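Asker: My questions concern the predicted model and sequence given below.
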Amino acid sequence: AAGRLTEALVSMETPTELIYMTLIVAVMPAIGEELMFRGIIQRLLSQQFKSYHIGIWITALLFSAMHFQFFGFFPRVFLGAVLGYLLIWSGNIIYPMIAHFINNFASLLITYMIQHEMIGDEIETIGGQQEWLYILPGLIMSGLLFYFLWRKRSVSAEQEYLERNFIEGAL
């Protein structure tokens, strides 16, 4: 039922409708959800538990639960955690906002392309039939990018964020 509702909501006949939907489905959630989850909830939970790791993971669970989609629950928890660490490691909420936008826009663009038969709808089954040849490279690339982000993180930005928000979490 959630899938049918989503499909009906993102039915886009023209490129103009794609632009409108981009604002509604990608831009607004990227800003609003990041301000709420990473900017407020994660900070408060991190302060409460005196650990940004606990704050990030509880916020990621809440972020995923708020979307009310059982089958996407664990991937969305992981996305929420990535966005949380992006905030901590960069010290700037704009990076999680950009990543959130890219995630939502990619889904919207794929939907638009399927609707206009620019690509086949079989892309929706990726992951459902053990197509590890498609999934594994993406996982490896994401893992490597996340690792390099962690290695290149600005320890001073991280420390400044923690100090600014009165969190004593270990680095």
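Answerer: Sure thing, it's come through.
Asker: alpha carbons only for contacts and neighbour counts from here, please
Answerer: Will do.
Asker: list the contacts for residue 109?
Answerer: For residue 109, the contact set (CA atoms under 8 Å, 6 or more residues apart in numbering) comprises residue 18.
Asker: quick one: the helices in this protein?
Answerer: For the chain, the helices defined by DSSP state H occupy 2-9, 15-21, 28-33, 42-49, 52-66, 73-90, 94-115, 132-152, 155-164.
Asker: Turn the ones you listed into a markdown table, columns for mean pLDDT.
Answerer: Listed next are these as a markdown table, based on pLDDT from 0 to 100:
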| stretch | mean pLDDT |
| --- | --- |
| helix 2-9 | 60 |
| helix 15-21 | 88 |
| helix 28-33 | 95 |
| helix 42-49 | 92 |
| helix 52-66 | 94 |
| helix 73-90 | 89 |
| helix 94-115 | 86 |
| helix 132-152 | 69 |
| helix 155-164 | 69 |
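Asker: Surely residue 18 and residue 112 touch.
Answerer: Yes - assessed by CA atoms under 8 Å, residue 18 is found in contact with residue 112 at 7.3 Å.
Asker: list the residues that contact both of those two?
Answerer: With CA under 8 Å, 6+ apart as the test, residue 18 and residue 112 both reach residue 12.
Asker: ok, the closest residue to residue 34 other than its chain neighbours - contacts?
Answerer: In space, residue 34 comes closest to residue 97 once its chain neighbours are excluded; the distance is 6.0 Å by CA to CA, 6 or more residues apart in numbering. Residue 97 is in contact with 30-31, 34, counting by CA under 8 Å, 6+ apart.
Asker: mind putting these in JSON lines, neighbour count and distance to residue 80 included?
Answerer: JSON lines is the format used below for these (neighbours: other CA atoms under 10 Å; distance: CA to CA, whole Å):
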{"residue": "30", "neighbour count": "23", "distance to residue 80": "12"}
{"residue": "31", "neighbour count": "17", "distance to residue 80": "14"}
{"residue": "34", "neighbour count": "26", "distance to residue 80": "10"}
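Asker: closest to residue 86 among those?
Answerer: Residue 86 has its nearest neighbour among the contacts of residue 97 in residue 34, at 11.2 Å by CA to CA.
Asker: Thanks a lot, see you next time.
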